[in-house]
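Undergrad: How does the following fold in three dimensions:
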Amino acid sequence: MIDGYFSGYGTCPFNRSGKDRYSEGVVFVDRLVVKLLTASLERLLRRSKVEETLISFFSSLAYYTLSPIVVMVALGVLGIPMTSMVAVLGASVLAIGIALQDSIANLAAGVLVLGLHPYQLGDVVEVDGVSGYVKEIGFFHSTFTTRDNKTAYLPTKSVIAG
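TA: Numbers count the residues shown, from 1 in each chain. Modelled structure (predicted):
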């Protein structure tokens, strides 16, 4: 009776093959493992007294790096060939990396600034001819208030290089 209801929509969702159920199990277990690894990384970083912003950044990075691996494992279990997908994914990452290389450089510099603390909020610094008080430190840019009370935003890679 229920098979007739779903006849126009493909197979009945209750009559799936063992391979489908197995891939769902793989995704569930892999997601659980990804969450456990991310939580373990957060605990390790907190014990090491790493700044909370960096903990959040690295846990997100780990989660979003491991998640595509989970999807690829599940698709491999379903029998979908991975070689072409890996090639397309690699080319996509390369193209995005080239397009965003300045942003990635600023992000890396932001991680260095937040990790190494070369300057703190309220410090007076001079970068690229701009002198002022550090108002905000971010991943992509730092905000300064100049002596004449103007706000200047400088890319973090300039701050690290300068």
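Undergrad: the strands in the chain, which residues?
TA: With DSSP state E as the criterion, the chain has strands at 124-127, 130-137, 141-146, 151-155.
Undergrad: pLDDT averaged over the shortest one - what is it?
TA: It refers to strand 124-127. Average pLDDT, strand 124-127: 86.
Undergrad: again, but for stretch 50-63
TA: 84.
Undergrad: Check stretch 153-162 too.
TA: Stretch 153-162 shows a mean pLDDT of 81.
Undergrad: Okay, buried residues for that stretch please.
TA: By 16 or more other Cβ atoms under 10 Å, the buried positions in stretch 153-162 come out as L154, P155, T156, K157, S158, V159, I160. In this view, the C-beta of every residue, glycine as well, is placed from N, C-alpha and C.
Undergrad: Please verify my assumption that the first one contacts V130.
TA: In this case it means L154. Yes - between L154 and V130 there is a contact under Cβ atoms under 8 Å: 6.4 Å.
Undergrad: okay, the buried residues of stretch 153-162 in TSV with distance to V77 next?
TA: Converted to TSV, the buried residues of stretch 153-162 look like this (distance: Cβ to Cβ, whole Å):
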residue	distance to V77
L154	48
P155	44
T156	42
K157	42
S158	47
V159	47
I160	44
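Undergrad: Tell me the one among these nearest to L32.
TA: Set against L32, the nearest of the buried residues of stretch 153-162 by Cβ to Cβ is T156 (35.4 Å).
Undergrad: ok, that closest one - contacts?
TA: By Cβ atoms under 8 Å, 6 or more residues apart in numbering, T156 lies in contact with N106, L107, A109, G110, V113, G138, F139, F140, H141, S142.
Undergrad: Quick check, the fifth one in contact with H141.
TA: To tie it back to what came earlier, the one meant is V113. No - assessed by Cβ under 8 Å, V113 is found out of contact with H141, at 10.3 Å.
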